[in-house]
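Colleague: The amino acid sequence is not available; the structure is as follows:
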């Protein structure tokens with residue numbers, strides 16, 4: 001399977017080559033370039049698209065690499081680093097002697113033949129024919145001097161751009177397109193050359209990235225300085241923001257902002273807002289905006305709440321556990337009634353046993369019943385003899401028919417605690 005490899009060279013940027021086997025990022029390969037055969041590093045790998053494979057010049061666009069770098073190739077490249085630095089220093093020395101006004105950047109020794117590529121920068125065109133003769137006699141090599149521009153120099157040196165990321169030219173750009181000040185004007189940027197310039201001193205390459213999108217959208221908006229009437233006043237367009245769809249205008253006293261839709265309505269003599277759409281986009285009771293995704297978001301939240309409630313009810317039904325929230329605890333209340341009933345029954349039994357045994361504690365108080373001194377047992381003293389005629393039954397109880405004063409039977413029932 002064919003794999004495309006992005007190989008980086010300092011003197012020409014990133015170039016794509018093809019290879020039949022996959023390689024890892026950082027591997028060294030030997031490639032043929034327009035300036036000779038050099039060792040390059042694999043920066044990226046990808047599969048070719050179907051559209052690229054169908055191109056008739058696919059092999060021309062993506063040449064094959066010569067081979068993967070062997071151990072001897074890597075040793076040869078390491079040994080040449082010191083020699084390349086010596087060549088650069090010597091070249092700069094002779095250039096200064098000839099007053100050529102050039103700055104030597106770096107030298108590259110060819111892998112296959114006795115050739116060296118020397119890159120340099122200069123503000124003007126340099127006639128280096130005399131310098132080549134001197135270098136040929138000095139190094140006994142084939143000399144190629146290549147003048148590069150400030151953008152190639154920035155790519156070679158590297159750095160951080162105003163966005164805080166590594167320079168585009170040193171990461172993914174393999175060629176430089178023409179950048180003009182018209183691109184900055186099309187994007188409504190302030191014409192401040194220092195801020196629009198990159199590390200190379202030229203206009204930033206990123207101005208090219210968004211130029212096509214702005215070129216399509218910009219004609220849909222009014223031009224700066226366009227005038228129109230609104231609410232009896234004359235307004236002038238002073239600013240545009242295509243990202244937020246905002247048109248800023250000024251009437252001499254105050255600023256007014258319009259969206260593109262509102263601006264088109266005002267130009268036709270209509271109101272800024274369409275009153276027929278206000279009731280559809282607003283809640284009359286709460287003035288809550290229901291346009292856009294607000295309605296869907298609210299419906300989703302309600303559905304989630306209902307689902308959780310149903311799940312909670314289902315868990316209660318499965319466990320057969322009543323909901324005890326906000327209900328009093330009846331266990332203590334029932335235990336309290338049970339204890340009171342047991343105490344009352346115990347007291348009744350004790351009183352009855354004492355009465356049967358003749359241990360009435362109130363017997364000395366005029367034979368009163370229940371401890372009341374002002375009320376005799378029989379209602380009056382003349383019925384006192386009837387007290388001795390009471391004959392209890394075998395089970396210890398007195399027959400009702402033997403009681404002369406029936407008023408003692410009118411006893412109010414004792415109320416239980418839960419009936420109070």
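Modeller: All right, it came through fine. Quick caveat: nothing in here was measured; it's all calculated off a predicted structure.
Colleague: now what about whatever helix or strand residue 184 lives in, what contacts it?
Modeller: Assessed by DSSP states H and E, residue 184 sits inside helix 181-186. With Cβ atoms under 8 Å, 6 or more residues apart in numbering as the test, helix 181-186 has contacts from 191, 196, 203, 207, 208, 211, 214, 215, 218. Just so you know, the C-beta spots here come from the backbone N, C-alpha and C atoms, and that holds for glycine as well.
Colleague: Between those residues, which sits nearest residue 299?
Modeller: Lowest distance from residue 299 to the contacts of helix 181-186 (Cβ to Cβ) belongs to residue 214, with 37.8 Å.
Colleague: Other residues contacting the helix or strand hosting that closest one?
Modeller: Per DSSP H and E: residue 214 is located in helix 211-217. The contact list for helix 211-217, computed with Cβ under 8 Å, 6+ apart, reads 183, 186, 187, 242.
Colleague: what does stretch 187-202 give?
Modeller: Here stretch 187-202 makes contact (Cβ under 8 Å, 6+ apart) with 149-151, 153-154, 157, 159, 161-162, 167, 169, 179, 181, 184-185, 203-205, 207, 210-211, 214, 239-242.
Colleague: can you check stretch 149-162 too?
Modeller: Outside stretch 149-162, the residues that touch it by Cβ under 8 Å, 6+ apart are 10-11, 13, 105-106, 119, 121, 148, 166-170, 173, 176, 195, 198-202, 204-206.
Colleague: and the residues you listed, which are buried?
Modeller: Buried residues within those, counting neighbours by 16 or more other Cβ atoms under 10 Å: 10-11, 13, 105-106, 119, 121, 148, 167-170, 173, 176, 198-200, 204-205.
Colleague: Residue 224 and residue 29, how far apart?
Modeller: The spacing between residue 224 and residue 29, counted by Cβ to Cβ, to the nearest Å, is 53 Å.
Colleague: Compare these two (neighbour count), which wins?
Modeller: Taking neighbours as other Cβ atoms under 10 Å, residue 224 and residue 29 compare with residue 29 leading, 20 against 12.
Colleague: show me the contacts for that one.
Modeller: Residue 29 neighbours (Cβ under 8 Å, 6+ apart): 5, 7, 17, 19, 23, 39-42, 65-69.
Colleague: possible to save the residues you listed as JSON lines with secondary structure, pLDDT and neighbour count?
Modeller: What follows is the contacts of residue 29, written out as JSON lines (DSSP: H, G, I helix; E, B strand; the rest coil; pLDDT from 0 to 100; neighbours: other Cβ atoms under 10 Å):
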{"residue": "5", "secondary structure": "strand", "pLDDT": "85", "neighbour count": "25"}
{"residue": "7", "secondary structure": "strand", "pLDDT": "85", "neighbour count": "24"}
{"residue": "17", "secondary structure": "strand", "pLDDT": "88", "neighbour count": "20"}
{"residue": "19", "secondary structure": "strand", "pLDDT": "86", "neighbour count": "18"}
{"residue": "23", "secondary structure": "coil", "pLDDT": "83", "neighbour count": "15"}
{"residue": "39", "secondary structure": "strand", "pLDDT": "87", "neighbour count": "19"}
{"residue": "40", "secondary structure": "strand", "pLDDT": "84", "neighbour count": "23"}
{"residue": "41", "secondary structure": "strand", "pLDDT": "84", "neighbour count": "15"}
{"residue": "42", "secondary structure": "strand", "pLDDT": "87", "neighbour count": "20"}
{"residue": "65", "secondary structure": "coil", "pLDDT": "87", "neighbour count": "19"}
{"residue": "66", "secondary structure": "coil", "pLDDT": "88", "neighbour count": "14"}
{"residue": "67", "secondary structure": "strand", "pLDDT": "88", "neighbour count": "11"}
{"residue": "68", "secondary structure": "strand", "pLDDT": "87", "neighbour count": "14"}
{"residue": "69", "secondary structure": "coil", "pLDDT": "86", "neighbour count": "20"}
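Colleague: any idea which of these is closest to residue 110?
Modeller: Looking across the contacts of residue 29 and measuring by Cβ to Cβ, the closest to residue 110 is residue 39, at 10.3 Å.
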